[in-house]
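Participant: Quick one, fold the following:
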Amino acid sequence: MKTGFTLIETSIALAITAILIYLAGTTFQNLIPKYKLEKSVWEVSAALQAARAKALYKGVSYRVKFGPGLTSVESYDPARKTWVLEERHAAEGVSIEANNAPVFGPDGAVSGLATILVSNRWGAYKITLAITGRIKTTKIA
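Facilitator: Numbers count the residues shown, from 1 in each chain. Sure, this is the predicted structure:
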């Protein structure tokens, strides 16, 4: 008596395995925009918090600017009376829009209140900045 699998049984098992791998791969590919969006929201919030902390610690004003897929943190140099770029973060696969570039003063308060919209095809988040420096993140649809 022979034992084992026939060629047809093995081919069917391989075909089913290939279909399952394909379905799992497309499911994970659809999740990539979600994680890019959440990562970008975290990076924008972290840049705002870091700018406020640096302003308090160093006693110098810090500004956070937003561009298409870009967040820049700048410090004010009173000797040269200009803004100096300290760090820049590129956000891949998302759109970042802001109505203002908030400036954190040496006391931690913010001038130029901002509402920042971070979005992609997965959804959108709104980040609002209060005058006290409080950062609030809200998921939109």
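Participant: low pLDDT regions in the protein?
Facilitator: For the chain, the stretches flagged by pLDDT under 70 are 1, 141.
Participant: can you pull out the helices in the chain?
Facilitator: Ranges of helices within the chain are 7-58, based on DSSP state H.
Participant: Centre-most residue in it?
Facilitator: Central residue check for the chain by C-alpha atoms, centre = their mean: the C-alpha nearest the mean position is that of residue 40, 0.4 Å away.
Participant: I'd say that residue and residue 95 touch.
Facilitator: No: Residue 40 is beyond contact range of residue 95, at 9.3 Å (criterion: C-beta atoms under 8 Å). (Each C-beta comes from the backbone N, C-alpha and C, glycine too.)
Participant: Could you tell me which residues touch both of these two?
Facilitator: Counting by C-beta atoms under 8 Å, 6 or more residues apart in numbering, the residues touching both residue 40 and residue 95 are residue 118.
Participant: show me what contacts residue 51?
Facilitator: For residue 51, the contacting residues are 62-64, 73, 102, 104, by C-beta under 8 Å, 6+ apart.
Participant: Closest one of those residues to residue 120?
Facilitator: Closest to residue 120 out of the contacts of residue 51 is residue 64 (20.4 Å), distances taken as C-beta to C-beta.
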